[in-house]
Every structure is written in C-alpha cells, then in structure tokens.
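K.L.:
the sequence isn't on hand, but the structure is:
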C-alpha cells in the first residue's frame, strides 16, 4: 500500500532526459531542421601597376570565411535540397548609367524592399529533377531526363518555364511548403548579397570562379577557359555573402516575372511583376550561362525567352517563403 499524493506527500516527478544526439528535441511533422554551414566568399580586387613600359592592371582573388543558415528538404532515395535563409532588406535594383555594357532594360534604378525567404543553395540538379519528376502529375507531364549534359550533380537544363512551374507544383504538394520560382527582384537581391558592383565578386569575373565563355571577359580581365558545357553545382567552392553558389554563369535561371522593357512601374515590394498570370507572356531569366560572355553574367543583366522554350543554357533555382 502507498499513501495517495497530498501536500505532505507530493508525487515523485518523473525524470526526463535533456535533448541530445540520442534524444533530439521534438520536431513537428514535416518541419525542417535548421542548421548552420560554413563557406568561402571570394572577392576580385583590381590592382593597377605603373612601370617602365606603362600601366598594367591585374586582378587578385581574396577569400574570407563566413557562415549562413539553411534547412534540408529530403526528396527521397538519398537526394536532398538545401534551402538557404535570405534575410529581408532594401536594395537598389538595376544598374547605374556608368556601368560598362549596361542596357536600357536595366533601369531606371529603384529601391526595392524584399521580405525574408529561403533560396536554393544551388541551381536544381538533375538528381533533384528526377526525384520530383517521379512524383504524381499535377498539370502536365515532365521529362525525367531532359538535360543535354548528363550528370546527377550537374544543373538540370533544357527545361521550360512551364516545366518548372509543374516541378514546383509537385514539390509543393509533396512537402506542404509553397515552392516557387523567385521574383526578378528576389533573384537580384539574393545575387548581389549586399554588393553594388557588376558582380557579387566585384568589378569582374574570371573562369577560375565562374563557368562562362572566358574568351570574352568583362572589362580588362584576362581571357580564360571556355568549357563549352555545364559544371557540377558548387564546383568552384565559393559563394556570395548570403551563402549562394553559382549565381553568375553555368546556367541561366528562370524567374517568375513576365518580361518588361524596363523597370518603369515595377513593384517595389519584391513581388513578381506579372499580368494576370498569363502563361503565354515571355518570362525572365537571370545570371548568364556556360555559353555567355562576361557582360551577360552581371547581377543586373536581364533577358527573356518564351515560356515553352527549352535550351541547354537554361536551368532554375527554387525559393520558398
């Protein structure tokens, strides 16, 4: 016999184990685990030298260590998607009139305030595409292996804007999160990561850091390798200050916006600039590709294609609010 609990005989508390590796904290169903990761940020610095034979310009690459926050989306069969936390903020979108090789479509410059969101650390890979293409159809069929250059860790390419919308719909249905393409403002804000130079690396780029047509460098940068194909995502092992890789070159990245000749009347809240979700309008792409010259890989450079166009220079990167 035992005495019932009372003020003089309180119940004995049940011991609990603190959270640990073996006893992790409870995670609600379908709730991603946030983590921190480290990466290198590269900056290209212009050096001018005066000598007996005249002036000479060289470009020096420096690196510093940083870290950011992300979460992992499990797509099954060992395939994961890494989504980086992008803090909200205000930035000056577009390019100044003084930027070399700018076009009128990159202006007028205007301030945009972007709410926080998550963005893919890398462009979507072929392994990730295959995993999502195997999910139940929402609106249209998907080719599970559309890319010209084959490799699980290579970016998926030769996918249309309409294909990507279907990809996002399938992934959203599986995860319960609203995966989508970035707005043009979100893309440029994420690419710049606090910089106001033509590239987040600085005033120019080099094939040591970016996959593009190195025969046509930007400004006075030296010529370099032209690979004539895609490279595995993250293979240059350097990121911008937000922790995003390959924002310049490798493959163009679709945005959600429809094409406009310039920024007159554009939103200033970071939202997508589209007319009544008309899927027949031309759609934006950003960032340049393995086949493009240095000028076209700038943070402010913008171009478009038909929503059904499929080319080996076009891929995409995901965002989720």
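P.N.:
Arrived safely. Since the model is a prediction, treat every value here as computed from it, not as a measurement. Numbers count the residues shown, from 1 in each chain.
K.L.:
C-alpha only now, for contacts and for neighbours.
P.N.:
Fine.
K.L.:
assign the nearest residue to residue 137 once chain neighbours are set aside to helix, strand or coil.
P.N.:
Spatial nearest neighbour of residue 137, chain neighbours left out: residue 170 (6.9 Å); criterion: Cα to Cα, 6 or more residues apart in numbering. Here residue 170 is helix, with the state taken from DSSP: H, G, I helix; E, B strand; the rest coil.
K.L.:
look at residue 170 and report its pLDDT.
P.N.:
pLDDT recorded at residue 170 is 98.
K.L.:
residue 187 and residue 270: what is the separation?
P.N.:
9 Å (Cα to Cα, to the nearest Å).
K.L.:
kindly report the same for residue 43.
P.N.:
Residue 43 is 27 Å from residue 270, by Cα to Cα.
K.L.:
just to revisit the earlier point, contacts only, for the residue nearest to residue 137.
P.N.:
132-133, 135-138 (Cα atoms under 8 Å, 6 or more residues apart in numbering).
K.L.:
could you do residue 72 as well?
P.N.:
Listed by Cα under 8 Å, 6+ apart, the contact partners of residue 72 are 32-34, 80-83.
K.L.:
buried ones among the residues you listed?
P.N.:
81-83 (16 or more other Cα atoms under 10 Å).
K.L.:
in strands only, show me those residues.
P.N.:
81-83 (DSSP state E).
K.L.:
could you pull out the buried residues of the longest strand belonging to the chain?
P.N.:
For the chain, the strand that runs over the most residues, judged by DSSP E, is strand 54-76. Within strand 54-76, the residues scored as buried using 16+ other Cα under 10 Å are 59, 68-71, 73, 75.
K.L.:
and if you look at stretch 97-113?
P.N.:
102-103, 105-109, 112-113.
K.L.:
now the end-to-end length of that stretch.
P.N.:
End to end - Cα to Cα - stretch 97-113 spans 22 Å.
K.L.:
separation between residue 140 and residue 116?
P.N.:
31 Å.
K.L.:
the more surrounded of these two?
P.N.:
residue 116 (15 against 11; other Cα atoms under 10 Å).
K.L.:
list the contacts of the residue lying closest to that one once chain neighbours are set aside.
P.N.:
Nearest in space to residue 116, with sequence neighbours left out and distances taken as Cα to Cα, 6+ apart, is residue 88 at 3.9 Å. Residues near residue 88 by Cα under 8 Å, 6+ apart: 113-117.
K.L.:
in TSV, list the residues you listed along with secondary structure, pLDDT and distance to residue 318.
P.N.:
Below are these laid out as TSV (DSSP: H, G, I helix; E, B strand; the rest coil; pLDDT from 0 to 100; distance: Cα to Cα, whole Å):
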residue	secondary structure	pLDDT	distance to residue 318
113	strand	98	20
114	strand	98	16
115	coil	97	16
116	coil	97	14
117	strand	97	11
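K.L.:
same list (those) but as TSV, adding distance to residue 147.
P.N.:
TSV is the format used below for the contacts of residue 88 (distance: Cα to Cα, whole Å):
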residue	distance to residue 147
113	35
114	32
115	33
116	32
117	28
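K.L.:
could you list the low-pLDDT ranges of the stretch 51-200 of the chain?
P.N.:
Applying pLDDT under 70 to the stretch 51-200 of the chain flags the ranges 51-54.
K.L.:
that one: helices as residue ranges?
P.N.:
For the stretch 51-200 of the chain, the helices defined by DSSP state H, counting those that start in this stretch cover 126-133, 161-175, 184-192.
K.L.:
elements contacting the shortest one?
P.N.:
Which is helix 126-133. Applying 3 or more Cα pairs under 8 Å, 6 or more residues apart in numbering; DSSP states H and E, we find helix 126-133 packed against strand 54-76, strand 79-86, helix 161-175.
K.L.:
out of these, nearest to residue 200?
P.N.:
Taking Cα to Cα, strand 54-76 is the member of those nearest to residue 200, at 12.7 Å.
K.L.:
strand partners (parallel or antiparallel) of the closest one?
P.N.:
strand 34-51 (antiparallel), strand 79-86 (antiparallel) (DSSP bridges).
K.L.:
so which of these is the most surrounded?
P.N.:
Across the strands paired with strand 54-76, averaging neighbours per residue (mean count of other Cα atoms under 10 Å) puts strand 79-86 on top, at a mean of 20.
K.L.:
by how many degrees do that one and helix 184-192 diverge?
P.N.:
Orientation check (axes from the mean of the first three to the mean of the last three Cα atoms, to 10 degrees): strand 79-86 against helix 184-192 gives 90 degrees.
K.L.:
thought residue 256 was touching residue 272?
P.N.:
Yes - counting by Cα atoms under 8 Å, residue 272 is a contact partner of residue 256 at 6.2 Å.
K.L.:
so the two - more neighbours on which side?
P.N.:
The neighbour count for residue 256 versus residue 272, taken as other Cα under 10 Å, is higher for residue 256 (22 against 19).
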